[in-house]
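Engineer: Fold the following and give me the result.
(one chain, ligands or ions: 1)
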Amino acid sequence: MSVPDDLRPHRKVERPQTPDHAYADADVLLGQLRAHDPVTGEHVSRVACLAMEIALIQGVPVERIPMIEVGARLHDIGKLGIPDEILKKPSALDASEWAVIRRHPLLGGDLLATIPSLAPAAETVAAHHERWDGAGYPHQLAGTDIPLDARIFAVADSIDAMHADRPYRRGMSWSVVRAELGSGAGAQWDPALCDLLLGRFDRIMALDLGCPPSHRALRVTE
Ligand SMILES: [Fe+2]
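Structural biologist: Presented below is the predicted three-dimensional model:
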């Protein structure tokens, strides 16, 4: 006996996991992030440019680049869950406030895990503040236990944090950023990745960090 359609259990609609869906879903979240925190909104676009370039220097297959771009753009999406009075506090944070800020990788990973098109980036977003020496957070992963994409995000995030101008200071010059990467390799960042990057640092310096990330990826993979 056939079951009438209106008596069937609710069927979940499965969507294809294409980058197009990921880009569209990421844009919705990024719109919220930009409205909530414009400074972070600009930062994540530059980090996406850097992460794609670093991934290409590392030899990551081109077909993985779109999800790296999406993950990098969303790496700080967990900041949507951090209260304004802490996220935008103009003075120094105390220890309990830092503990709240440090929840953002897991908040971001948990959020992405609920969205099918973005779920492949959940683990790397959750791990973007881990350090090669195991002194990062949230899980104190070390070395190659940290997913490669998260190691790439960590370097890209740090390069932008050092190089971008802030309201209260000028960004570091490329030569200082380069020296910092050399001294932090093997402690904060993956040493093999830093070696490769320092050997092709001309490609990082040549990036137009204001460019739309997808345009950049197309140009470098031509
Ligand atoms: Fe972060």
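
Engineer: gap between Arg73 and Arg103?
Structural biologist: For Arg73, the distance to Arg103 (CB to CB, to the nearest Å) stands at 20 Å. For the C-beta atoms, the positions are set from N, CA and C on the backbone; glycine is no exception.

Engineer: show me where pLDDT drops low in this protein?
Structural biologist: Scanning the chain for pLDDT under 70 picks out the ranges 1-18, 208-222.

Engineer: buried stuff in the lengthiest helix in the chain?
Structural biologist: If you go by DSSP state H, the chain has its longest helix at helix 38-58. Neighbour-count burial for helix 38-58 flags 40-41, 43-58 (criterion: 16 or more other CB atoms under 10 Å).

Engineer: same question, stretch 99-118
Structural biologist: Result for stretch 99-118 [16+ other CB under 10 Å]: buried residues 103-109, 111-113, 115-118.

Engineer: With stretch 116-129 instead?
Structural biologist: When neighbours are counted by 16+ other CB under 10 Å, the buried residues of stretch 116-129 are found to be 116-118, 120-122, 124-129.

Engineer: where's that stretch relative to the chain centroid, distance-wise?
Structural biologist: The chain centroid and the centroid of stretch 116-129 are separated by 9 Å, computed with CA atoms, centre = their mean, to the nearest Å.

Engineer: swap in stretch 142-149?
Structural biologist: Relative to where its chain is centred, stretch 142-149 has its mean C-alpha point 14 Å off (CA atoms, centre = their mean).

Engineer: What's the first helix or strand after the helix or strand encompassing Ser183?
Structural biologist: Taking DSSP states H and E as the definition, Ser183 sits inside helix 174-184. Once helix 174-184 ends, the next helix or strand along the chain (criterion: DSSP H and E) is helix 191-199.

Engineer: So what touches that following helix?
Structural biologist: By CB atoms under 8 Å, 6 or more residues apart in numbering, the surrounding residues in contact with helix 191-199 are 54, 57-58, 132, 151-152, 155, 178, 181-182, 184-186, 204.

Engineer: Please apply the same query to stretch 26-39.
Structural biologist: Residues from elsewhere that reach stretch 26-39 (CB under 8 Å, 6+ apart): 40-41, 44, 70, 73-74, 76-77, 79-80, 84, 87-88, 111, 118.

Engineer: how about the closest residue to Ala113 other than its chain neighbours, what does it touch?
Structural biologist: Spatial nearest neighbour of Ala113, excluding adjacent residues (CB to CB, 6 or more residues apart in numbering): Ala122 at 4.1 Å. When contacts are counted by CB under 8 Å, 6+ apart, Ala122 touches 109-110, 112-113.
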